[in-house]
Structure formats: structure tokens, C-alpha cells
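1. Dropping a prediction and its sequence here:
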Amino acid sequence: MIIPPSYQLTKNLVSLLGKLDTNRAVIDSLSLPPTVEENIRQASLLGSSLFSARIEGNRLTEADVSSFRDLSSKEKQKVEVANLMRAISYLLKKYLGNKPIKTEDILHWHVLAMKNILAGEYLGRFRKGQE
């Protein structure tokens with residue numbers, strides 16, 4: 001892939017860009033009810049958490065966790081997804097905008113993501129060995 005891509009500005013491309021800009025303006029002007037926005041955010045958060053957990057070998061699907069509300073579940077895979085959802089929610093609430101992220105912040109997210117999965121002495125610490 002060539003970066004930046006090579007292209008020619010044609011009438012068709014200008015027309016498509018105009019339509020895209022118009023559609024974006026319409027979408028930007030829409031106001032979602034707070035409950036709808038929260039539902040979309042929760043679905044996105046769940047999907048991100050499941051995908052992140054899948055990287056580590058977790059095979060849960062959205063159907064597996066759609067009804068689980070007990071975040072203290074002892075099943076490792078459910079705990080993993082619940083922890084990731086908690087960590088991402090915390091990150092979105094506290095770090096929206098241009099707030100600088102510090103080392104302590106990253107270690108705190110690690111505690112949130114790995115609670116009840118790793119032994120306490122490994123929480124909120126950088127690895128010292130090869131994994």
C-alpha cells in the first residue's frame with residue numbers, strides 16, 4: 001500500500017466527497033436520546049472487551065455474556081471480560097480529552113483489567129521476565 005495513496009480528483013470523486021460531507025452534516029445534527037447513546041456505548045464496550053479478551057485466548061461470545069450481570073463471577077473468562085469492560089469504562093470517563101496519561105495510570109488500568117485473574121503481587125506492575 002502506498003502512503004499517501006495516489007489518486008486523481010475526478011468529477012465523480014468530487015461528487016462522492018460532497019455526498020459524504022452532506023451525510024456527515026446530517027449525522028452530526030442528529031441528537032440521540034441519552035438511553036440510546038448509552039446502549040450503543042455499552043454494546044461497543046462489550047465488543048471491545050470481548051475482542052481484547054479473545055487476543056488472550058478467551059472464547060466467550062456476546063451471547064455468552066449478554067445475560068451476565070454479576071461482575072464478581074468466578075469463571076475466569078467472564079471475569080476477564082467484566083474486568084476489561086470496567087477498565088475501558090474507567091478510561092473513557094476519566095481520560096476523555098487531552099489529559100496526559102502517566103505510568104501510574106497504565107498500572108492502575110492493569111489492576112482493573114487483571115483483578116481476580118493474576119495473583120496480587122503481579123497486579124499493577126510491569127513484567128520483569130519474558131512471556
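-> Ah, there it is.
2. Can you show me the helices along the protein?
-> Ranges of helices within the chain are 11-29, 34-55, 62-65, 76-94, 103-114, based on DSSP state H.
3. can you dump the C-alpha coordinates of the fourth one into CSV?
-> This means helix 76-94. As requested, C-alpha coordinates have been extracted for helix 76-94 and formatted as CSV (Å, rounded to 0.1, in the frame of the first residue of the first chain):
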residue,chain,number,x,y,z
LYS,A,76,-12.1,-16.8,34.6
GLN,A,77,-13.3,-15.8,31.1
LYS,A,78,-16.3,-13.9,32.4
VAL,A,79,-14.2,-12.1,35.0
GLU,A,80,-11.7,-11.2,32.3
VAL,A,81,-14.4,-9.6,30.1
ALA,A,82,-16.0,-7.9,33.1
ASN,A,83,-12.6,-6.5,34.1
LEU,A,84,-11.9,-5.2,30.7
MET,A,85,-15.3,-3.5,30.5
ARG,A,86,-14.6,-1.9,33.9
ALA,A,87,-11.2,-0.7,32.8
ILE,A,88,-12.3,0.7,29.5
SER,A,89,-15.3,2.4,31.1
TYR,A,90,-13.0,4.0,33.7
LEU,A,91,-10.6,5.1,31.0
LEU,A,92,-13.4,6.7,28.9
LYS,A,93,-14.8,8.6,31.9
LYS,A,94,-11.5,9.8,33.3
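4. per-residue pLDDT, Ser6?
-> On the pLDDT scale, Ser6 is placed at 85.
5. Tell me the spacing between it and Leu13.
-> Distance of Ser6 to Leu13, computed by C-beta to C-beta, to the nearest Å: 13 Å. Glycine gets a C-beta too; all of them are placed from N, C-alpha and C.
6. more crowded one of the two?
-> Higher neighbour count among Ser6 and Leu13: Leu13, with 11 against 5, using other C-beta atoms under 10 Å.
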